[in-house]
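Trainee: Below are the sequence and a predicted model for it; my questions follow.
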Amino acid sequence: MNFILLYGPQAVGKMTIGQELENLTGYKLFHNHMTIELVQPFFDFGTPGFRRLVNLFRNEIFNEVATSDLPGFIFTYVWAFNEQEDWEFVERVTAIFEAAGASIYYVELEADVEERLKRNTTPNRLAHKASKQNIERSQSELLSSMDTYRLNSLPGEITHKNYLRMDNTYLDAETVALRIKQTFDF
């Protein structure tokens, strides 16, 4: 199995690129909002109940998929590089797949904030992420997170052999997905 961790800041295009990559490879996409949207009607984002349930559902899915006969799995994530908890999460998730014999691929996306603000309001994003439908709040969170978190790695910080970083500010999702597929020969 191939496990692809597709990460970058909010509205960089992770889910949309993941959807295109799913179409190109047949790998299953698990975008991070699938669990967020499931839990958020019951518990506010970031509360202990929210965090526990999101992590529980994700871990159960990861464990089940890792030992399945799926050829590949794509997970999207907003990784705050200045938060140890996020590093530990990535280590735990990749360890689950490594223990099952999967090959691990890291794909980091970056885009200018102006482009991310545009992408934050696309119909595809809003259709799959109910919590982003309050555009004013979503835009505010996107901008304020840049003051709190470092959402892209520093040069040389990611040292894994299967690593690709792409600035997709001016690239469409199909082009990026095709480049990922070709780079790793999926």
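Mentor: Okay, I see it.
Trainee: What is the least confident helix or strand in the protein?
Mentor: Least confident helix or strand of the chain, by mean pLDDT, DSSP states H and E, is helix 123-128 with a mean of 70.
Trainee: what helices or strands is the helix or strand hosting M34 leaning on?
Mentor: If you go by DSSP states H and E, M34 is part of helix 33-39. Secondary-structure packing of helix 33-39 (3 or more C-beta pairs under 8 Å, 6 or more residues apart in numbering; DSSP states H and E): helix 48-66. Every residue, glycine included, has its C-beta placed from N, CA and C.
Trainee: quick one: buried residues of the helix it packs on?
Mentor: F50, L53, V54, R58, I61, F62, V65, A66 (16 or more other C-beta atoms under 10 Å).
Trainee: The first one reaches F43, doesn't it?
Mentor: Right, the one you point to is F50. Yes. Under the criterion of C-beta atoms under 8 Å, F50 makes contact with F43 at 3.9 Å.
Trainee: pretty sure E98 contacts I104?
Mentor: Yes. Using C-beta under 8 Å, E98 makes contact with I104 at a distance of 6.2 Å.
Trainee: Quick check on the two: which one has the bigger neighbour count.
Mentor: The neighbour count for E98 versus I104, taken as other C-beta atoms under 10 Å, is higher for I104 (18 against 14).
Trainee: Bridging across strands, which residues link to that one?
Mentor: I104 has these beta-bridge partners by DSSP bridges: F3.
Trainee: Tell me the spacing between it and T159.
Mentor: 12 Å (C-beta to C-beta, to the nearest Å).
Trainee: where do the strands sit along the protein?
Mentor: For the chain, strands defined by DSSP state E occupy the ranges 2-7, 28-30, 72-77, 103-110, 163-167.
Trainee: Return the angle between stretch directions for the fourth one and strand 163-167.
Mentor: This points to strand 103-110. Calculated by axes from the mean of the first three to the mean of the last three C-alpha atoms, to 10 degrees, strand 103-110 forms an angle of 20 degrees with strand 163-167.
Trainee: Would you mark the buried spots in strand 103-110?
Mentor: Buried residues in strand 103-110, counting neighbours by 16+ other C-beta under 10 Å, are found at I104, Y105, Y106, V107, E108, L109, E110.
Trainee: okay, the residue nearest in space to the middle of the chain: pLDDT?
Mentor: With distances taken as C-alpha atoms, centre = their mean, the chain has T76 as the residue nearest its mean C-alpha position (1.7 Å). At T76, the model reports a pLDDT of 98.
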